[in-house]
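>>> Just a sequence and a predicted model for now, questions to come.
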Amino acid sequence: MADKKQVLVPDIGNYKDVPVIEIMVKAGDTVKAEQSLLTLETDKATMDVPAPFDGVVKEVKVKVGDTISEGSLIFVIETNGADAVTKASTAETPAKTAPVNSVGASVAAPVAIAAASPAPVQKAPVPPSGATGKAHASPSVRSFARELGVDLTQVRGTATKGRISKDDVQNFVKMALSQPRNGTGVGGMQVLAMPVIDFAKFGAIESQPLSRIKKISGANLHRNWVTIPHVTQFDEADISEMEAFRKEIGAEYAKQNIKITPLAFMLKAVVATLQQFPEFNASLDVSGENLILKKYFHIGVAVDTPNGLMVPVLRDVDKKGIVQLAKELGEISTKARELKISAAEMQGGCFSISSLGGIGGTAFTPIINAPEVAILGVSKASMKPVYQDGVFVPRLILPLSLSYDHRVVDGASGARFTQFLASVLADTRRLAL
Ligand code: CAO
């Protein structure tokens, strides 16, 4: 005989007023015992509340966003009476291993009868601000994804706090099916999915969300790294004379609180080189078939900030002197570190310089800051013996690492660029030419 039973929230630990984030069934649906009915989310975990018995959903008593606690009425389900009684009586056996707080009771006379409801299924911890590599989805969505063979770490969640919904999984499958197949010659690139590893299995861990800047710059760096054919040309510049001159004027301008660093000279030398090699002061257009040559010289400078890498742009470097550039460099890097820099101040660059010279290292392979076509990496200058006129003499040598887009720049041009740059740095009088 059909019987209407109430379904109450089971034991969910010490949690109270927990938000409902997903309801998987609606009135009229036939449900099987243990099938997930809704998902709750505490600050630590999501958990599905399963059906305590087979039946047909008659009423849904909550909606997404409602907060509920143990004992809250969530559904009314019409059951086949015999079936429900069988399960209820099973649950009357006190068994600590199966907390049984979902309640099947007659609507007319709501009496709390312990039904054989399994404990809520607790799943993945909720990542703080949705920023770990672990997919954030309810158990039912996970099971749905499993059925379709979808790797949830590849799916972008659009529900609250970046949670992955069933729709997200469906959309992911649709999108995957509409992509050109690998090996068809259409140019699609497929890579193996990152394995999902539980690092805690191997030792103590701590999960920290990436900063907003790191997330944004990371996505750009990734795109630039995989879509631009990079080549890095290494070279060296003898900056002994430049350093002597820098120290001389450095002392003068220190009184005005202006720090003349090697980077100010480098900005000028780079622009002199770009003027000689215009294809480096350019961008490919969207079609990839035309090179846009720029007649202005705005140079981006990578600045290391506590929140991640930022690249403010110094405008019209060709029109400014070394002292002016040193002053602007100081101002703009301070602004970047204090997060006071505007988006506009980071746009319009033609070429970038990434200097790790103040830190150390002998060479590195910087990633091109698209749509620019080249970037100069600068490492730490050091004294080296240089063979001159039959003897070794100590010279201050600056390592240069130029990464360029090989679609635009040939290897020979790359080598000529760094050679010319090195010659300007070796004799800064050339900047006046
Ligand atoms: N060789 C040797 N010494 C160098 C040098 C070089 N190539 N470049 C700078 N120095 C020296 C400076 O002269 C200064 O020495 P003093 O304090 O004795 O005068 C010291 O190193 C520190 O310089 P600085 O870093 O304050 O100044 P800068 O103009 O060289 O650089 C800036 C400014 C903003 C580029 C830098 O602070 C910075 O953030 N660098 C990191 C950039 C970065 O992270 N790039 C990586 C991007 S790819 O992930």
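All right, it came through fine.
>>> and stretch 166-178, which residues are buried?
By 16 or more other Cβ atoms under 10 Å, the buried positions in stretch 166-178 come out as Lys166, Asp168, Val169, Phe172. Bear in mind the C-beta positions are built from the backbone N, C-alpha and C, glycine included.
>>> Could I get the CA-only coordinates of it as PDB?
Taking Å, rounded to 0.1, in the frame of the first residue of the first chain, the C-alpha atoms of stretch 166-178 are listed here in PDB:
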ATOM      1  CA  LYS A 166      25.900  18.500 -14.000                       C
ATOM      2  CA  ASP A 167      25.400  21.100 -16.700                       C
ATOM      3  CA  ASP A 168      29.100  21.900 -16.600                       C
ATOM      4  CA  VAL A 169      29.900  18.300 -17.300                       C
ATOM      5  CA  GLN A 170      27.400  18.100 -20.100                       C
ATOM      6  CA  ASN A 171      28.800  21.300 -21.700                       C
ATOM      7  CA  PHE A 172      32.300  20.000 -21.400                       C
ATOM      8  CA  VAL A 173      31.300  16.800 -23.300                       C
ATOM      9  CA  LYS A 174      29.600  18.800 -26.000                       C
ATOM     10  CA  MET A 175      32.600  21.100 -26.400                       C
ATOM     11  CA  ALA A 176      35.000  18.100 -26.500                       C
ATOM     12  CA  LEU A 177      32.900  16.500 -29.200                       C
ATOM     13  CA  SER A 178      32.900  19.600 -31.300                       C
END
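>>> check contacts around Glu41.
Val18, Pro19, Ile21, Met47, Val126, Lys161, Arg163 (Cβ atoms under 8 Å, 6 or more residues apart in numbering).
>>> next one: phi and psi at the residue in the chain positioned nearest to the ligand?
When you check the chain against the ligand by Cβ to the nearest ligand atom, the closest residue turns out to be Gly357, at 2.0 Å. Summarising the backbone geometry of Gly357 under the convention degrees, to the nearest 10, its torsions are phi -60, psi -30.
>>> isn't it right up against Pro262?
Yes: in this structure Gly357 lies within contact range of Pro262 using Cβ atoms under 8 Å: 6.2 Å.
>>> From the neighbour counts alone, determine which of these two ranks first.
Under the neighbour definition other Cβ atoms under 10 Å, Gly357 and Pro262 were set side by side, and Pro262 has more, 22 against 18.
>>> ok, back up a step: got any residues that touch both of Gly357 and Pro262?
By Cβ under 8 Å, 6+ apart, the residues touching both Gly357 and Pro262 are Val378, Ala381, Leu398.
>>> Among these, which one is most surrounded by other residues?
Neighbour tally across those (other Cβ under 10 Å): the maximum, 26 neighbours, falls on Val378.
>>> Could you tell me the model confidence score at the closest residue to that residue other than its chain neighbours?
In this structure, Val378 finds its nearest non-sequential neighbour in Ser355, 4.2 Å apart by Cβ to Cβ, 6 or more residues apart in numbering. Reported pLDDT at Ser355 in the predicted model: 97.
>>> and what of the one 10 residues further on?
What the model reports as pLDDT for Thr365 is 98.
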